[in-house]
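> Kindly return the folded structure for what I paste below:
(chains A and B)
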Number of protein chains: 2
Amino acid sequence: MRIAIDAMGGDHAPDATVEGALLAAKEWSDVDIVLVGDEERIRALMPAGAKPANVSVRHASDVIAADDEPVKAVRRKKDASMVVAGRLIREGEADAMISAGNTGALMTTALLVVGRIDGIERPALAPMLPTMDGSGVLALDLGANMDATPEQLLQYAIMGSIYRNKVHGLPKPRVGLLNVGTEAMKGNELTKAAYPLLEQAPIHFVGNVESRDVLHGNCDVLVCDGFVGNIMLKAMEGTVGAIFSALKTEFTRSFMSKLAAAVLKPGLSAFKKKMDYGEHGAAPLLGIDGLVLKSHGSSDANAIKNAVRQARIALANRLVEAISTETSRKREG
Amino acid sequence: MRIAIDAMGGDHAPDATVEGALLAAKEWSDVDIVLVGDEERIRALMPAGAKPANVSVRHASDVIAADDEPVKAVRRKKDASMVVAGRLIREGEADAMISAGNTGALMTTALLVVGRIDGIERPALAPMLPTMDGSGVLALDLGANMDATPEQLLQYAIMGSIYRNKVHGLPKPRVGLLNVGTEAMKGNELTKAAYPLLEQAPIHFVGNVESRDVLHGNCDVLVCDGFVGNIMLKAMEGTVGAIFSALKTEFTRSFMSKLAAAVLKPGLSAFKKKMDYGEHGAAPLLGIDGLVLKSHGSSDANAIKNAVRQARIALANRLVEAISTETSRKREG
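As a prediction, the model looks like this:
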């Protein structure tokens, strides 16, 4: 299996991407990694003899910056590392791509360069959100599209369910619909129309899930439109940040509280890390005709290596083919 | 000014409502309070001589329960305390009503019994959400209507701005639009269409506000549709709850951590209380042709007294008339 890595994407690129690729190549000999980006800079990070046989470099002269306007950047920078990586999938030279770069640009690359699976109306960005029990929940869409139709929510549910099954091995992933109450008739026009579609879908639909319960892990796949999902995620992030900044104030209030804080800190740091959704692996862009993984912008070498692990499992279990088969069956059925 | 209190609404009714009414009546002699509900039970809580001259009782034989289906309950229980209180406003016998009862039923009572202000399409529930600096933000709509049009978001913005000015005395309330990014063109179809309307409105519009920044108090009025607002609020509540339950686990892990917790607890409890939106007063239902305040279900006597304080300020500053004038001017202009 051939995995293209956008070597220039992310806050710590290309150091972290190259180092991560080397770690992954060493660990998994069945993987061929193509580092896409500035050849000179990439090779400088792989001293003579350090490049394993299953790592190659594909030169790309341009880079999409974090603050580039996504659609414009993808259209104009045809030789950007991210765009070239997408083209490798399109042209059958790679099975998957990983990027820690500009999220909007990656979604645009996926859509315009790699292309959608036939029958999928809109691809969805599907990160794992943390839950208290550590198991996590795959939430989609988290921002690939702001608005959604009931039919699109249905497709998100099916794709998310297949992902959790193929990549995480859950035999019967529980799918919940993000809503303002648990009763079937709750919600806005979108969720009310989506509910009966989800009930009839070939998934294990567990009904509506309230945002206050998401952290309790009562579903494995959480379905929502990109606007609402983004509002929810950022509300959680903002609250975690605010509480930990308040804790810091408490902890430094007096000599006694500093002592107390020293006792509690290790446990709290572990908890904070658990709550950080950046820690929970790369987010797949589901519905794309090829495997596209978005790694967190702050990814270090280990995060890149873990993204390769994810890609490897998804490829071995033929994730994209499974989604494609399910959606074409739906169309014909 | 005459304020009707639904004496039977809330977890601690009628004890808390009657006690709160007595406290308020004693503090403000310019207020006449009408306790609406089971006369016998209410009078039993006011022993001979304990009833101030500015408190009266209006008998209502029925009660709307917390789990009653709102619309059905309001339509069928015509002699429920909440419905009778609404009728007092409608018939000019009261200027305001306060209820700690079933929120959905109160919104239905407000809409069907009290009635809308002419020109207001949808009333909005507008609680104060906590912010880190303690100043709070008025968020609307937080669930009176699930879907909204751009024009309705505009009305929410105007009503919220007038409320913050008239009731909280802010000369120029900063109005923000809840969105997924701060740039003007961000968002879903609804927020993109609402943005230019808010820019042209007679308010101090400060642009889009992300849910992660709401706690930082960068606006005084936060505008959103009821579905999104509810998802955001419950995400925050759920996160606060999850973190404090994790803290509890850390605090009880060992003898040392219990000692440490004892040092930190007072500060953390104060913080948790600050983050509890139930602590931030009653929520007005704006757009109703009369003042309707929703007090938290768990309201104690002090919360009821504080709701009377809020009602008194809103009535003295002619809040409902100001909203009515602004919306009729808009219609004619």
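> where are the low-confidence patches of chain A?
A:277-279, A:330-333 (pLDDT under 70).
> The nearest residue to residue A:239 once chain neighbours are set aside: neighbouring residues, count only.
Excluding the flanking residues, the one nearest residue A:239 by Cβ to Cβ, 6 or more residues apart in numbering or on different chains is residue B:239, at 4.0 Å. (Glycine included, C-beta is placed from N, CA and C.) Applying other Cβ atoms under 10 Å in any protein chain shown, we find 24 residues neighbouring residue B:239.
> Let me know how buried residue A:210 is, in neighbour terms.
So residue A:210, with other Cβ under 10 Å, has 21 neighbours.
> Just give the closest residue to it, not the sequence neighbours.
Nearest to residue A:210 is residue B:234, by Cβ to Cβ, 6+ apart, at 5.5 Å.
> what about the one you found, which helix or strand?
Element membership for residue B:234, per DSSP states H and E: helix B:226-251.
> Would you mark the buried spots in stretch A:196-208?
A:197, A:198, A:201, A:203, A:205, A:206, A:207, A:208 (16 or more other Cβ atoms under 10 Å in any protein chain shown).
> can you redo these as a markdown table with distance to chain B and secondary structure?
Listed next are these as a markdown table, based on distance: Cβ to the nearest Cβ, whole Å; DSSP: H, G, I helix; E, B strand; the rest coil:
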| residue | distance to chain B | secondary structure |
| --- | --- | --- |
| A:197 | 18 | helix |
| A:198 | 17 | helix |
| A:201 | 22 | coil |
| A:203 | 22 | coil |
| A:205 | 19 | strand |
| A:206 | 17 | strand |
| A:207 | 16 | strand |
| A:208 | 12 | strand |
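> tell me the centre residue of chain A?
residue A:283 (0.7 Å; Cα atoms, centre = their mean).
> That one contacts residue A:142, correct?
Yes: using Cβ atoms under 8 Å, residue A:283 is in contact with residue A:142, at 7.2 Å.
> Overlap of the contact sets of the two?
A:125, A:126, A:127 (Cβ atoms under 8 Å, 6 or more residues apart in numbering or on different chains).
> Which parts of chain A are strands?
Using DSSP state E, the strands of chain A run over A:2-6, A:32-37, A:55-59, A:96-99, A:124-125, A:128-129, A:137-140, A:174-179, A:204-210, A:221-223, A:283-286, A:291-294.
> quick one on the thing from earlier: let me know the closest of the shared contacts of residue A:283 and residue A:142 to chain B.
residue A:125 (12.3 Å; Cβ to the nearest Cβ).
> does residue A:9 really touch residue A:97, like I thought?
No: Residue A:9 is not in contact with residue A:97 according to Cβ under 8 Å; the separation is 10.0 Å.
> list the contacts for residue A:66?
A:11, A:101, A:102, A:297.
> for residue A:14, same thing?
Per Cβ under 8 Å, 6+ apart, neighbours of residue A:14: A:7, A:8, A:35, A:37, A:38, A:41, A:42, A:45.
> Put the buried members of those into a PyMOL selection.
The buried subset of the contacts of residue A:14, as determined by 16+ other Cβ under 10 Å, is captured in PyMOL by this line:
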select buried, chain A and resi 7+8+35+37+38+42+45
